[in-house]
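In: fold the stuff below for me.
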Amino acid sequence: MSAPSAPSAPPSAPAASRAPDGARGAARARRWRLAAGRHRAAVAGGAVTLLLALFCGVGPQLALAFGLDATTMNFELGGAPPSWQHWFGTDPQGRDLMVRVMVGGRIALAVAALTTGIAVVIGVLWGTVAAYAGGAVDFIMMRVVDALYGLPTVALVIVAMAALGSRSLALLFAVLAAISWLSLARVVRAQVRGLRERPFVEAARVLGASPARIALRHIVPNTAGIVIVYATLALPHVMLAEAFLSFLGLGMQAPLASLGTLVTEGSAQLLVYPWLLAFPGLLMAALVLSLNFLGDGLRDALGRRSR
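Out: Residues are numbered from 1 along each chain as shown. Just a heads-up that it's a prediction; the model follows:
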């Protein structure tokens with residue numbers, strides 16, 4: 001006769017509920033490390049972009065502690081080459097070039113960020129409305145996009161500035177934003193056309209949600225991935241566009257000086273003061289390359305996840 005079996009223990013709680021927070025945190029950290037290993041270029045681009053943004057954002061304030069700023073002139077030190085006192089040298093007016101480069105980088109990043117933000121808002125709204133409305137509304141709105149695509153950018157800027165008689169910072173934002181949202185509108189439209197027939201959108205429609213609520217609560221959030229990638233890749237393009245406009249004399253005006261303005265000034269004095277072009281050009285190249293690496297990495301990561 002066999003011994004009676006021991007009473008069975010009460011059912012235990014699910015393992016997931018007993019898992020300590022530390023274990024979940026470790027698993028999350030491990031997933032982040034694996035993702036970082038797969039997309040090293042994006043991580044490197046993001047790190048370099050962050051360091052350069054800190055250099056441009058905090059650097060001018062730190063330089064003030066050493067008596068350096070972007071506007072004080074000292075003609076006795078005009079055109080001095082790089083030294084321990086002035087790491088990037090000085091311009092012909094004796095202004096410290098490193099501080100001017102930091103301020104110029106901060107202005108360039110601000111112009112690119114604000115312009116891209118405006119373009120993202122316009123592009124997402126335009127593409128969403130066109131795709132969700134469909135029919136004649138979609139046709140008319142996308143023909144407007146096609147027509148704007150056909151306008152030459154430089155001619156548009158010249159006409160706008162001549163008509164308004166201004167070269168203000170606000171006008172520069174408006175003009176750059178007006179030519180930056182077109183590609184995003186097309187991409188968002190294509191994305192929304194695929195999303196509007198998905199089951200969760202149909203369920204919201206059956207439950208009586210209004211078109212505006214469906215678009216804002218269910219469709220637009222699902223375009224966040226492509227919008228983030230677009231914004232990251234648009235930043236360097238806007239910076240280069242601003243530099244090109246500054247080279248043509250249509251960008252920032254004194255006393256403001258973006259990287260594009262500094263590059264333009266340096267190119268005019270390349271043979272005499274080569275450092276005036278070298279340092280602003282290096283910072284602009286580093287910003288553009290790091291942002292492109294970050295954008296390409298995000299695009300690959302989000303594309304793989306969507307598949």
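
In: neighbours around I158, how many?
Out: With neighbours defined by other Cβ atoms under 10 Å, the count for I158 comes to 15. From N, CA and C alone the C-beta is placed, and that goes for glycine too.

In: that one reaches G249, doesn't it?
Out: No: between I158 and G249 there is no contact under Cβ atoms under 8 Å: 10.3 Å.

In: pLDDT below threshold where in this structure?
Out: Low-confidence segments of the chain (pLDDT under 70): 1-39, 154, 165-169, 253-255, 302-307.

In: quick one: the helices in the chain?
Out: Along the chain, the segments classed as helices by DSSP state H run 15-18, 21-38, 40-64, 97-133, 135-149, 153-164, 169-178, 182-195, 199-206, 211-214, 224-247, 259-268, 275-306.

In: ok, which of these comes nearest W87?
Out: W87 lies closest, by Cβ to Cβ, to one member of those: helix 97-133, at 5.1 Å.

In: report the angle between the closest one and helix 135-149.
Out: Here the directions of helix 97-133 and helix 135-149 differ by 150 degrees (axes from the mean of the first three to the mean of the last three Cα atoms, to 10 degrees).

In: give me the buried positions along helix 97-133.
Out: Judged by neighbour count using 16 or more other Cβ atoms under 10 Å, the buried positions of helix 97-133 are 97-109, 111-112, 114-116, 118-120, 122-124, 126-132.

In: quick one: which of the helices of the chain is nearest E76?
Out: In terms of Cβ to Cβ, the element of those nearest to E76 is helix 97-133, at 15.7 Å.

In: does anything pack onto that closest one? Which helices or strands?
Out: Contact analysis of helix 97-133 by 3 or more Cβ pairs under 8 Å, 6 or more residues apart in numbering; DSSP states H and E lists helix 40-64, helix 135-149, helix 169-178, helix 182-195, helix 224-247, helix 259-268, helix 275-306 as its packing neighbours.

In: export the ones you listed as a markdown table, with columns for mean neighbour count.
Out: Formatted as a markdown table, the entries for those read as follows, by neighbours: other Cβ atoms under 10 Å:
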| stretch | mean neighbour count |
| --- | --- |
| helix 40-64 | 16 |
| helix 135-149 | 12 |
| helix 169-178 | 19 |
| helix 182-195 | 19 |
| helix 224-247 | 21 |
| helix 259-268 | 22 |
| helix 275-306 | 18 |
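
In: G208: which of the ones you listed is closest?
Out: By Cβ to Cβ (comparing all of those), the closest turns out to be helix 182-195, at 19.2 Å.

In: can I get the closest one in PDB, CA atoms only?
Out: The C-alpha coordinates for helix 182-195 follow below in PDB (Å, rounded to 0.1, in the frame of the first residue of the first chain):
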ATOM      1  CA  LEU A 182       5.900  68.600 -49.100                       C
ATOM      2  CA  SER A 183       7.800  65.300 -49.000                       C
ATOM      3  CA  LEU A 184       6.300  64.500 -45.500                       C
ATOM      4  CA  ALA A 185       2.800  65.200 -46.700                       C
ATOM      5  CA  ARG A 186       3.200  62.600 -49.500                       C
ATOM      6  CA  VAL A 187       4.700  60.000 -47.100                       C
ATOM      7  CA  VAL A 188       2.000  60.600 -44.500                       C
ATOM      8  CA  ARG A 189      -0.700  60.400 -47.100                       C
ATOM      9  CA  ALA A 190       0.500  57.000 -48.300                       C
ATOM     10  CA  GLN A 191       0.800  55.800 -44.700                       C
ATOM     11  CA  VAL A 192      -2.700  57.000 -43.800                       C
ATOM     12  CA  ARG A 193      -4.300  55.400 -46.900                       C
ATOM     13  CA  GLY A 194      -3.000  52.000 -45.600                       C
ATOM     14  CA  LEU A 195      -4.100  52.700 -42.000                       C
END
